[in-house]
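K.L.:
Prediction below, plus the sequence it came from.
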Amino acid sequence: QVQLVESGGGLVKAGGSLRLSCAASGRTFSTYTMGWFRQAPGKEREFVSGISWTGDSIYYADSVKGRFTISRANAKNTVYLQMLSLKPEDTAVYYCAAPLEPYSAGRPSEVRYDYWGQGTQVTVSS
């Protein structure tokens, strides 16, 4: 079993920034690909970014490329999502996620994610 706890969400004006954190427990964090997703009201959950367990494979949704940066600190069992130049359309609940098995070989954007955090709200005002 794994527990994922997100933090760092909040209310920010357009053009502002936030850094989300996801603390993982219950497994060997460094061997797992991690992902960030978001779900806006009335919309389906969508992939935002993912980072492989090795840290050398990183993917972003086109909508956030150049503005968001994912990173991981294995010593802290934490994955981060730095969000810059935020837009109102970035408003959503953001979730971190992890797969069931370690050493995922697929792209972080294509991995099946089985464990999810409770989410953190990000609201960007215009």
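P.N.:
Thanks, I have the structure now. Note that the structure is predicted; figures quoted are calculated from it, not measured. Numbering: from 1, shown residues only.
K.L.:
Please count neighbours and contacts with C-alpha atoms only from this point.
P.N.:
OK.
K.L.:
Could you find the closest non-adjacent residue to the residue nearest the centre of the chain?
P.N.:
Residue closest to the mean C-alpha point of the chain, counted by CA atoms, centre = their mean, is residue 36 at 2.2 Å. Nearest residue to residue 36, sequence neighbours excluded (CA to CA, 6 or more residues apart in numbering): residue 96, at 4.4 Å.
K.L.:
Where do the strands of the chain begin and end?
P.N.:
Taking DSSP state E as the test, the strands found in the chain are 3-7, 10-13, 18-25, 34-39, 46-51, 58-60, 68-73, 78-83, 92-98, 115-116, 120-125.
K.L.:
Quick one: list the elements packing against the longest one.
P.N.:
Pointing back at strand 18-25 there. strand 3-7, strand 78-83 (3 or more CA pairs under 8 Å, 6 or more residues apart in numbering; DSSP states H and E).
K.L.:
any chance of those strands in CSV, plus distance to residue 59 and mean neighbour count?
P.N.:
Shown next, in CSV, are the helices and strands packed on strand 18-25 (distance: least, CA to CA, whole Å; neighbours: other CA atoms under 10 Å):
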stretch, distance to residue 59, mean neighbour count
strand 3-7, 20, 19
strand 78-83, 12, 21
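K.L.:
Can you redo those as TSV, where the extra columns are mean pLDDT?
P.N.:
Below are the helices and strands packed on strand 18-25 laid out as TSV (pLDDT from 0 to 100):
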stretch	mean pLDDT
strand 3-7	96
strand 78-83	98
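K.L.:
In TSV: these, plus distance to residue 117.
P.N.:
Output for these, formatted as TSV (distance: least, CA to CA, whole Å):
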stretch	distance to residue 117
strand 3-7	5
strand 78-83	12
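K.L.:
Ok, which of those strands comes nearest residue 22?
P.N.:
strand 3-7 (4.3 Å; CA to CA).
K.L.:
hmm, back to that, is it possible to get the strands of the chain out as JSON lines so that each row also shows distance to residue 104?
P.N.:
Below are these laid out as JSON lines (distance: least, CA to CA, whole Å):
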{"stretch": "strand 3-7", "distance to residue 104": "18"}
{"stretch": "strand 10-13", "distance to residue 104": "32"}
{"stretch": "strand 18-25", "distance to residue 104": "17"}
{"stretch": "strand 34-39", "distance to residue 104": "10"}
{"stretch": "strand 46-51", "distance to residue 104": "11"}
{"stretch": "strand 58-60", "distance to residue 104": "13"}
{"stretch": "strand 68-73", "distance to residue 104": "16"}
{"stretch": "strand 78-83", "distance to residue 104": "16"}
{"stretch": "strand 92-98", "distance to residue 104": "10"}
{"stretch": "strand 115-116", "distance to residue 104": "14"}
{"stretch": "strand 120-125", "distance to residue 104": "25"}
